[in-house]
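# Sequence plus the predicted model coming up.
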Amino acid sequence: MIRAAASLLVALLLLASPARAERLVVDVSTNIIAIASNFAGANVSLFGVIERDAQTVSRASKYQVVVVVEGPPHDVLVQRLERRFGIWMAGKGIRFREMPSFYAVLASENSRALIEEEDGAARELALARIGFGNGLHEEHRAALALDRSDDALYVEDLDAVKMLTPTFFRTLISLPSVVDDGTYKVTVYLFADGVVLDTEELSFFIAKTGYEQSLFDLSRHQPLVYGLAAVTLALVTGYVGGVVFRRN
């Protein structure tokens, strides 16, 4: 009796958890990127395969792939310049919480409608929606997105994911020289006919190395020593510069 009840329970659980017809398998070319004094940016390749269950029937439309890359989040204060008494000054700002330091939306060419149309299934992933909140803050949000887009920190490329075969794709994640160090989260979405079929998450890490890392650690763990060293270096540099120019 107990064995029969257990078998029935297992059967009900299997029925309640439908198997996925398609499954994403993705990976990146590197998991760690080192930043040194000569760092000029880097590229990370992402490859993916869409695995299909043996019983999965062929779909009438092509698969759609959207890749979202998010850098370490930070609070950001956005201020608008205002003219006061004939002088341009920073006005009252808006603080955006937990904004990604880097944000990229990369998609296969047949996924444009998912992101650009108002009722698109991936509309919330679009760059235009990042930090979206109260309409009164829209001007500040747009200014932040524009500023970071100019530095290639916010990117939207809806032709970046190349479908090499109907089930195999790749894309390139381009990181500018001004990226922050930390963990970068990569989320891959698989769509078909405007419906999400599967998602997969992975990450890579950007780390400072050498002299830059030593200075960073000193500033964080021994701020007094770091401050005294910075002042001493400035005084020495000023003194040496004064002597050199006096001789000239």
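Cool, the structure landed.

# Regarding the protein, what is its longest strand?
When the chain is parsed with DSSP state E, its longest strand is strand 195-208.

# Return the residues in contact with Ala21.
With CB atoms under 8 Å, 6 or more residues apart in numbering as the criterion, the residues that contact Ala21 are 52-53, 55-56, 197. All C-beta atoms are positioned from the backbone trio N, CA, C, and that covers glycine.

# So the residue nearest to the spatial centre of the chain versus Val195, what's the distance?
Closest to where the C-alpha atoms of the chain average out (CA atoms, centre = their mean) is Glu70, at 1.8 Å. Counting by CB to CB, to the nearest Å, the gap from Glu70 to Val195 is 23 Å.

# Give the next helix or strand downstream of the helix or strand of the chain with the lowest mean pLDDT.
Here the helix or strand of the chain ranked lowest by mean pLDDT, DSSP states H and E is helix 2-16, holding a mean of 42. Counting by DSSP states H and E, the next helix or strand C-terminal to helix 2-16 is strand 22-28.

# Could you report the neighbour count for Glu118?
Residues contacting Glu118 under the criterion other CB atoms under 10 Å number 5.

# before we move on, which element is it in?
In this structure, Glu118 sits in neither a helix nor a strand according to DSSP H and E.

# Can you pull out the low-pLDDT segments for this protein?
For the chain, the stretches with pLDDT under 70 are 1-20, 81-82, 86, 88-91, 132-136, 210-230, 233, 236, 238-248.

# again, 50 this time
The chain contains residues with pLDDT under 50 at 1-18, 134.

# Which parts of it are helices?
Under the criterion DSSP state H, helices of the chain are mapped to 2-16, 112-116, 138-150, 210-221, 223-247.

# In CSV: the contacts of Ala21, plus distance to Thr237 and neighbour count.
Converted to CSV, the contacts of Ala21 look like this (distance: CB to CB, whole Å; neighbours: other CB atoms under 10 Å):
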residue, distance to Thr237, neighbour count
Arg52, 64, 17
Asp53, 67, 11
Gln55, 72, 7
Thr56, 67, 12
Leu197, 60, 18
